[in-house]
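S.K.: Predicted model, plus sequence, below.
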Amino acid sequence: MALVLTEEQSMLRDSARGLISDKAPVSHLRSLRDSKDPTGFSRELWHSFAEMGFAGLLVPEEFGGSGLGFMEAGIVMEEIGRTLMPSPFLATSVVAASALNRGGNAAQKSEFLPKISNGSLLATLAIDEGAKHRPLQTNLQAVRAGNGFKLSGAKALVVDGHVADLFIVAARTAGSAGERDGLTLFLVNPKARGVAIERTIMVDAHNAARIELANVEVNADGVLGEVDQGAALLDGVLDIGRGAVAAEMVGLSEEVFNRTVEYLKNRKQFGRLIGEFQALQHRAAELYVDIEITRAATMKALQALDADVAKAASAVAVAKARAGTTATRAVQEGVQMHGGMGMTDQFDIGFFMKRARVCEELFGDANYHTEQLARARGY
Amino acid sequence: MSETETADLEQFRNETRAWLEASCPPEMRKPATSDTDVFWGGRNAKFSSEPQRIWFERMRDKGWTVPDWPKEYGGGGLSAAEHKVLRTEMGRIGARPPLSSFGIWMLGPALLKYGNDAQKKEHLPKIAAGLIRWCQGYSEPNAGSDLASLQTRAESDGDDFVITGSKIWTSYANYADWIFCLVRTDSAAKKHDGISFILFDMTSKGVTTKPILLISGYSPFCETFFDGVRVPKSHVVGTVNRGWDVAKYLLQHERAMISGMGERGVGRPLGQIAADSVGSDAQGKLDDAMLRGKIASFDVDEAALAACAERAVDLAKAGQAHPAFSSAMKYYGTELNKRRYEILMSAGGVDALEWESERSRQGARPRAWLRTKANSIEGGTTEVMLGIVAKRILDLPGA
């Protein structure tokens, strides 16, 4: 497969870009933040997403979806990254839809996937417990009780947690924190007794929540995949999420870079355009190359996921690690090269810096993924 | 791609895989360990081993020393997609390139674009068959990064040019049969407008070469002197005084070639090489945590660059490549290769410091480490590459 977009993929990009740049420029995020919007995204826009087939982009056609692949999901994520649009697309359409599609039984798929496709159901994965992304450290307890389980514990950085209609919760049914065996995924109704949800207003003004489960009852048909053997399913779903976030970071990096280069071409000091200074030219050129390399690595990862999710781990680790360092560099250079203007809230650049920081933590930062690659290569 | 095309390509892959399995000697399935291990062709070419000869001849007979050149010039006539399959399959078994050649990497592409019929017919088949070894006469003592200020003169005399001047950093000029050379044919014109691109035989009267000893202890580069060298005007490639166009086009290929020179994906992974000297703990982690981190970061960047190199080829095929993108790749690839050798030296510790011994294969590692320092200078410095990216791709203002 060539690492260039096909004609169909270019059309998808154009239609996603058209909708997102028109309806959700950065000012959209700004107004949601400033008005302390209780939902944190636009439901109207989400319906447009569903009508265009984006909400069910990864859902098979038999469940009302578009049946497209991860490369296509990455294309939409990249456009979301360009305008920082708050959208359930990542949590619901990429991560939760993949978890249900890959791990769900026939009943679970036909119950939830059509609702994801038509935009009526929001879902999210609850994974992190500590300050850093460490999936195997999952310690939220699920103990057998009657026909099902009782879940107790806490999760952080649950994306869209305060608006989700369905939680997919990683829990420990056996073993102890750090072990691969004994992990299980559960479908949990946020309205179930014992669920406490605290919306956390984050630095990037995107949706997140902390949730606490206190003896929450889930019956046997709420198990997603196999009991105790959830690690493999979780690995795949997380890698899909990582590939998608890497794509968002590529879009974010490129947008902040384009804005910065424009500024270099317009801002005058010492009687010259500051873009004439070699000190800035070389830094801009280095950043350009960094972004191009990260874009290629991300496309490679999405392609690897499309070929076989179970074999994509190294390509995904490379992409997410690169995306983290590249986006961090892009936003820092963006603010620095904008000078004092870059420090003002009135200027959009700061929004990119904030979102990049959150994306870096989502599903593992550059250090985490660099470490994963070292382990995979046996040193 | 249609279903038939996909099926055809799969068939090509299967046939290629089987042929490579049957034809590539086991000795040719690992990276060359020294320069003498590389086959460069030419009038005085010698094979360093029987497997090297067999491998070269088999590949040459299929036209696969230059797989994507037209068959009429000794190439394999492969489509872009087939060429990619061949590269992938060669990479799969670690097969070495059968022939290393500036004729293949640099002159060939320029001749295919700018050469006339007679020039193509004369030179391309001999490049493909490894019969003529070429060198590149570009840099001069006073024209390095500012290449277009070159002063080697070519004066018109009837049907000939008479060439006088000197070149420097001419790779393997002392072994080369022919040279492709930039000369000034109009000294009154603006510096970019008076240059011509010309070909001549290194045995011509008036050509001398003098190897330059480098910090690595090797002499891969020469000073090359021209004292009234007489060359027919028919040897000019493209238009007289428009040689800068040819030179730039060739440089794009040279930069793409240099950016790929890092030993990506071949040989043992750095992490394992480091484990030999620094040791590992019970879980197999390198005992030097900081070194381990550097290696892992290097591996991330190396894998990402490999993806970008693959994408650059795909973009070029799709007609979407920026012509200056090879400068971007050249900058990053050479800086990464320097990082690789800094890690290798650090991992090797004391063992990597021996300069002359059997044990160290005559100081192979420190000499290779020092050699890599030229990567970000030759073919355009890192600073020149960044300048090109800034101006030609990003369209930033200024001189």
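M.R.: Right, received. Where do you want to start?
S.K.: Can you give me the neighbour number for the residue nearest to B:Lys373 when sequence neighbours are not counted?
M.R.: Residue nearest to B:Lys373 in three dimensions, not counting chain neighbours: B:Lys338, with 6.7 Å by CB to CB, 6 or more residues apart in numbering or on different chains. All C-beta atoms are positioned from the backbone trio N, CA, C, and that covers glycine. Other residues within reach of B:Lys338, judged by other CB atoms under 10 Å in any protein chain shown, total 18.
S.K.: OK, contacts around B:Lys338?
M.R.: B:372-373, B:375-376 (CB atoms under 8 Å, 6 or more residues apart in numbering or on different chains).
S.K.: and it, what helix or strand is that in?
M.R.: Assigned by DSSP states H and E, B:Lys338 belongs to helix B:325-348.
S.K.: Assign A:Val163 to helix, strand or coil.
M.R.: Classification of A:Val163 by DSSP: H, G, I helix; E, B strand; the rest coil places it in coil.
S.K.: one step back: which ones among the contacts of B:Lys338 lie within strands?
M.R.: Nothing among those maps onto strands, per DSSP state E.
S.K.: of these, buried ones?
M.R.: For the contacts of B:Lys338, a burial check counting by 16 or more other CB atoms under 10 Å in any protein chain shown picks out B:372, B:375-376.
S.K.: out of those residues, who's nearest chain A?
M.R.: Lowest distance from chain A to the buried ones among the contacts of B:Lys338 (CB to the nearest CB) belongs to B:Ser376, with 13.0 Å.
S.K.: Poorly predicted segments of the stretch 251-399 of chain B, please.
M.R.: B:260-267, B:399 (pLDDT under 70).
S.K.: now the helices for it?
M.R.: B:270-278, B:289-317, B:325-348, B:364-372, B:382-388 (DSSP state H, counting those that start in this stretch).
S.K.: now do the stretch 201-350 of chain A
M.R.: Under DSSP H, counting those that start in this stretch, the stretch 201-350 of chain A gives helices at A:231-266, A:278-307, A:313-338, A:349-361.
S.K.: ditto for the stretch 1-150 of chain A
M.R.: According to DSSP H, counting those that start in this stretch, the helices that the stretch 1-150 of chain A contains are A:7-23, A:26-34, A:43-51, A:70-83, A:97-103, A:106-117.
S.K.: Please identify the residue of the stretch 151-300 of chain B positioned nearest to chain A.
M.R.: B:Gly271 (3.0 Å).
S.K.: for that residue, what are its contacts?
M.R.: A:374, A:377-379, B:286, B:292, B:295-296, B:299.
S.K.: Go through stretch A:249-262 and flag the buried ones.
M.R.: Going by neighbour count (16+ other CB under 10 Å), the buried part of stretch A:249-262 is A:249-257, A:259-261.
S.K.: mean confidence for that stretch?
M.R.: Average pLDDT, stretch A:249-262: 98.
S.K.: does it come close to chain B?
M.R.: Yes - remark: stretch A:249-262 sits within contact range of chain B at A:Val261, by CB under 8 Å from any CB of the partner chain.
S.K.: and for that stretch, what are the contacting residues?
M.R.: A:77-84, A:275, A:284, A:287-288, A:291, A:294-295, A:298, A:323-324, A:326-327, A:330-331, A:333-334, A:337-338, A:348-349, A:352, A:355-356, A:359-360, B:394, B:396.
S.K.: mind checking how far that stretch is from the chain centre?
M.R.: 18 Å (CA atoms, centre = their mean, to the nearest Å).
S.K.: what does stretch B:78-88 give?
M.R.: 19 Å.
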